[in-house]
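Colleague: Output the structure for:
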Amino acid sequence: MRESLRHHLFRQIRRGRLRSLGRLWVRARALRRDAPPAHGPEGPLLATLAITYRCPLGCEMCDLPAQARGEPSDEELLRWIDAIARLGPAGLGITGGEPLVRKSLESVLARAVKHGLVTHLNTSGLGLGRERAERLIATGLDSINLSIDHDQARVHDRWRGREGAQAAAFDALDHLHQARRRQKRATRLQVMMAVGRDTLERVPHLERLARAAGADALSLLPVHDFPAGGGNRPWPAHVKVPAELRGPGLENSPAYRAGILPFLEGAATPVTCSAPRSGLFIDPSGGLFPCTPAATARAGGAPNIRATPDTLVELYRRGGLAATIPEGRCGRCWWNCHRELDLALGVLGDRKETGQRLDLP
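Modeller: Numbers count the residues shown, from 1 in each chain. Prediction:
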């Protein structure tokens with residue numbers, strides 16, 4: 001995570017965006033103190049936009065394709081990007097479903113880049129050939145995550161519900177790596193592994209494969225199985241990074257890596273979580289949520305950007321996003337983007353219900 005942040009920071013400095021970086025620093029300081037910013041819109045530090053829930057895969061851990069309806073038109077997507085930019089987040093993640101199924105994906109990415117947002121794409125890589133890889137890299141986006149969950153193709157393909165899924169992901173990685181070399185771009189490429197207790201030992205093997213194929217790092221996200229319960233065991237007093245998670249090519253911070261195993265074993269996540277004040281997730285129907293887990297819970301009553309795209313700043317500043325988090329879901333989350341931001345801000349601390357304190361390296 002530190003290497004990725006350093007990469008994005010230097011890219012923004014080279015682009016001459018010192019003023020916007022200064023504003024973000026002030027906002028981060030306010031979040032750390034749990035105080036409103038002294039001036040300017042109280043927008044998120046991180047925004048995520050799911051442009052579709054359609055996906056050609058049938059992943060065991062995901063039911064989003066079953067919710068694929070009511071996604072925005074191409075014109076709406078661009079208006080949503082403009083509205084997000086007015087909030088002034090540091091970065092925007094484009095996700096799905098599978099974003100590649102939208103033919104307008106390149107236009108969406110280019111619009112975000114034009115606004116000066118650190119722009120990121122999550123994809124399985126399925127169907128990504130050489131020509132489209134060239135177009136994606138040409139948008140100037142900052143980073144791409146490709147989902148690969150196991151070093152053995154048969155295991156990955158079974159979990160993802162499609163034969164050849166792993167081979168397609170590695171082909172996509174090669175196309176993207178070659179495209180950025182030809183275009184002399186600094187786009188960061190990462191393999192994202194959804195890791196479980198029974199696959200921790202495979203992390204070093206996949207890390208070596210990913211880096212050999214052109215990835216800059218392997219990033220880990222523990223599998224979240226909310227309906228199965230968990231989050232009840234006390235957080236261990238002292239947490240060490242498991243040996244399998246100490247590879248130099250891992251993207252996650254040491255503190256985040258140390259928390260993966262306790263989370264997978266059902267420990268209650270130490271919170272306070274900053275997502276209601278630092279995050280924004282917009283689903284394909286236009287629903288506004290503070291974080292990815294809240295959006296995937298599909299709670300009713302969420303504000304919607306579709307009805308009033310020109311007043312997103314007012315909708316966000318009015319608050320109410322925290323109300324979209326279902327009861328019991330906080331304290332059962334170790335989502336990488338949100339928890340890494342909390343760790344970076346230093347806001348993970350006392351857990352009000354138990355008095356537990358986060359004690360990570």
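Colleague: shaky segments in this structure?
Modeller: Where the chain drops to pLDDT under 70, the residues are 1-42, 226-231, 271-272, 298-300, 307-310, 319-320, 326-329, 331, 347-361.
Colleague: Following the chain onward from the biggest strand by length in it, which element is next?
Modeller: Using DSSP state E to define each element, the chain has its longest strand at strand 188-195. Proceeding N to C from strand 188-195, the next assigned helix or strand is helix 203-212, under DSSP states H and E.
Colleague: From the contact counts, what lies against that next one?
Modeller: strand 188-195, strand 217-222 (3 or more C-beta pairs under 8 Å, 6 or more residues apart in numbering; DSSP states H and E). All C-beta atoms are positioned from the backbone trio N, CA, C, and that covers glycine.
Colleague: Just the residues contacting the last one, thanks.
Modeller: With contacts defined as C-beta atoms under 8 Å, 6 or more residues apart in numbering, strand 217-222 is touched by 3-4, 145, 188, 190-196, 203, 206-207, 210-211, 245, 247, 249-252, 257, 260, 263-264, 334-336.
Colleague: which of the residues you listed are buried?
Modeller: 4, 145, 188, 190-196, 203, 206-207, 210-211, 245, 247, 249-252, 257, 260, 263-264, 334-336 (16 or more other C-beta atoms under 10 Å).
Colleague: just to revisit the earlier point, output the helices and strands packed on helix 203-212 as TSV; include the columns distance to residue 81.
Modeller: What follows is the helices and strands packed on helix 203-212, written out as TSV (distance: least, C-beta to C-beta, whole Å):
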stretch	distance to residue 81
strand 188-195	21
strand 217-222	24
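Colleague: Tell me the buried residues in the host helix or strand of residue 179?
Modeller: Using DSSP H and E, residue 179 sits within helix 165-183. For helix 165-183, the neighbour count (16+ other C-beta under 10 Å) marks 165-166, 168-173, 175-177, 179-180 as buried.
Colleague: So what touches stretch 120-134?
Modeller: Counting by C-beta under 8 Å, 6+ apart, 55-57, 91-96, 98-100, 105, 109, 136, 141-147, 160, 162, 165, 168-169, 171-173, 175-176, 178-179, 182-183, 192 sit against stretch 120-134.
Colleague: let's see it at 6 Å
Modeller: The contact list for stretch 120-134 (C-beta atoms under 6 Å, 6 or more residues apart in numbering) reads 56-57, 93-95, 98-100, 141, 143-147, 168-169, 172, 175-176, 179.
Colleague: Take these and keep only those in strands.
Modeller: Going by DSSP E, the strands hold 93-95, 143-147 from the contacts of stretch 120-134.
Colleague: which of the residues you listed has the most neighbours?
Modeller: Neighbour counts for the ones in strands among the contacts of stretch 120-134, by other C-beta atoms under 10 Å, peak at residue 144, which reaches 28 neighbours.
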